[in-house]
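>>> Next one to model:
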Amino acid sequence: MAAEVSKLDTPLAVAPVRKRRYADEVYAQILMQLSTGRYAVGDRLPTEKELSSMYNVSRPIVREALQNLQNDGLINARRGSGTFVLRLPPREIAHYTDDARFAQYMRAYEVRQCLESEIARLAALRITQSRLRRLHQVLEQMEVALRTGEGALEADFEFHMEIARASENDLFEKQMMLLKPDMLGTMRIASTITGTRSEERKNKVLKEHRDIYDAISTGDGELAKLYMKYHLVSVRHRIIDQGN
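Numbering: from 1, shown residues only. All right, here's what the predicted structure looks like:
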């Protein structure tokens, strides 16, 4: 108990909360604190009231941020005892972004899940043979790049862009280009983490892309939509997952 009190007494560097989604900002700042070692597994976080004061936001906003961290499996709220750290996210997160940018990445994932899932469905229904050959070529390039560590980001983004082109709707392409900075940011973090983990993790990444390609190649729109959504959810989980 004394150790916990000591840690709570230590001054905590808190950046001003910005942008519209305050809960995302608080979520990202606490996640960065976890990533950089401010807290250890088993530590108790400050109370909702204390966090509300630290970040100058309402308690419902703090509650939403904590709920998101709990959904990610990083913390656990114990009735009557407080909120405790269950596991830590990869340290690479803090090396490649700041809290405001990371909050933006998380918002981009919400958009991508809606947008790219439908793009994949339409691509499966509309793709031409020439587009399918191009998509297969990009998939092979991405597999080589992931194995060698060279050009993986560009190949990954191009795979998703080829699917957008295959939808035969140029507005999807334009939306993807608007999302490109956020997509490359999350891809960079995910690729860096995956590159330092087991071969099993790399194989999972490759399989997710192959599954999307296979569903599109067979013209199964609903399956392509399902695989794309699963892939995007999995990428987000890998970014905040310390494991293999």
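
>>> Every contact and neighbour count from this point should use C-alpha atoms.
Fine.

>>> burial count for residue 154?
By other C-alpha atoms under 10 Å, the residues close to residue 154 number 16.

>>> How much space separates residue 139 from residue 84?
According to C-alpha to C-alpha, to the nearest Å, residue 139 stands 42 Å off from residue 84.

>>> what's the answer for residue 52, then?
17 Å.

>>> got it, and residue 111?
Counting by C-alpha to C-alpha, the gap between residue 111 and residue 84 amounts to 30 Å.

>>> One more: residue 210?
As judged by C-alpha to C-alpha, residue 210 and residue 84 stand 38 Å apart.

>>> higher neighbour count, the two?
Neighbour tally, residue 210 and residue 84, criterion other C-alpha under 10 Å: the higher count belongs to residue 84, 20 against 17.

>>> That one should be in a strand, yeah?
Yes - assessed by DSSP: H, G, I helix; E, B strand; the rest coil, residue 84 belongs to a strand.

>>> so what's it closest to, chain neighbours aside?
Among residues not flanking residue 84 along the chain, residue 44 sits closest, at 4.3 Å (C-alpha to C-alpha, 6 or more residues apart in numbering).

>>> Which residues are in contact with the one you found?
Residues near residue 44 by C-alpha atoms under 8 Å, 6 or more residues apart in numbering: 4, 82-85.

>>> how about the strands in the chain?
Assigned by DSSP state E, the chain shows strands spanning 75-78, 82-85.

>>> List the strands paired with the first one, with their directions.
Looking back up the chat, that one is strand 75-78. Strand 75-78 has its sheet partners listed here by DSSP bridges as strand 82-85 (antiparallel).

>>> what helices or strands is the helix ranked longest in the chain leaning on?
Assignment by DSSP state H gives helix 99-126 as the longest helix of the chain. Under the contact criterion of 3 or more C-alpha pairs under 8 Å, 6 or more residues apart in numbering; DSSP states H and E, helix 99-126 touches helix 22-35, helix 152-166, helix 170-195, helix 199-217, helix 221-239.

>>> That one vs helix 221-239, what angle?
Helix 99-126 and helix 221-239 are oriented at 160 degrees to each other (axes from the mean of the first three to the mean of the last three C-alpha atoms, to 10 degrees).

>>> Can you list the buried residues in helix 99-126?
99-106, 108-109, 112-113, 115-126 (16 or more other C-alpha atoms under 10 Å).

>>> Test for you: state the pLDDT assigned to residue 85.
For residue 85, the model assigns a pLDDT of 95.

>>> Chain neighbours aside, what residue packs nearest to it?
Nearest residue to residue 85, sequence neighbours excluded (C-alpha to C-alpha, 6+ apart): residue 75, at 4.4 Å.

>>> Distance of that neighbour relative to residue 159?
Counting by C-alpha to C-alpha, the gap between residue 75 and residue 159 amounts to 34 Å.

>>> What of residue 178?
Separation of residue 178 from residue 159 (C-alpha to C-alpha): 16 Å.

>>> can you check residue 130 too?
As for residue 130, its distance to residue 159 is 15 Å (criterion: C-alpha to C-alpha).

>>> Neighbour count: these two, which is higher?
Taking other C-alpha under 10 Å, residue 130 and residue 159 do not tie; residue 159 has more neighbours (22 against 10).

>>> care to break this protein down by domain?
Structural domains assigned to the chain are 2-85, 106-239, following automatic domain parsing.

>>> hey, which of those domains is tucked in deepest?
Comparing the domains of the chain by mean neighbour count (mean count of other C-alpha atoms under 10 Å), domain 106-239 ranks first with a mean of 19.

>>> Where does pLDDT dip in this protein?
Within the chain, the ranges that satisfy pLDDT under 70 run 1-20, 96, 195-198, 242-244.

>>> and with 50 instead?
Scanning the chain for pLDDT under 50 picks out the ranges 1-2, 5-6, 8, 17-19.
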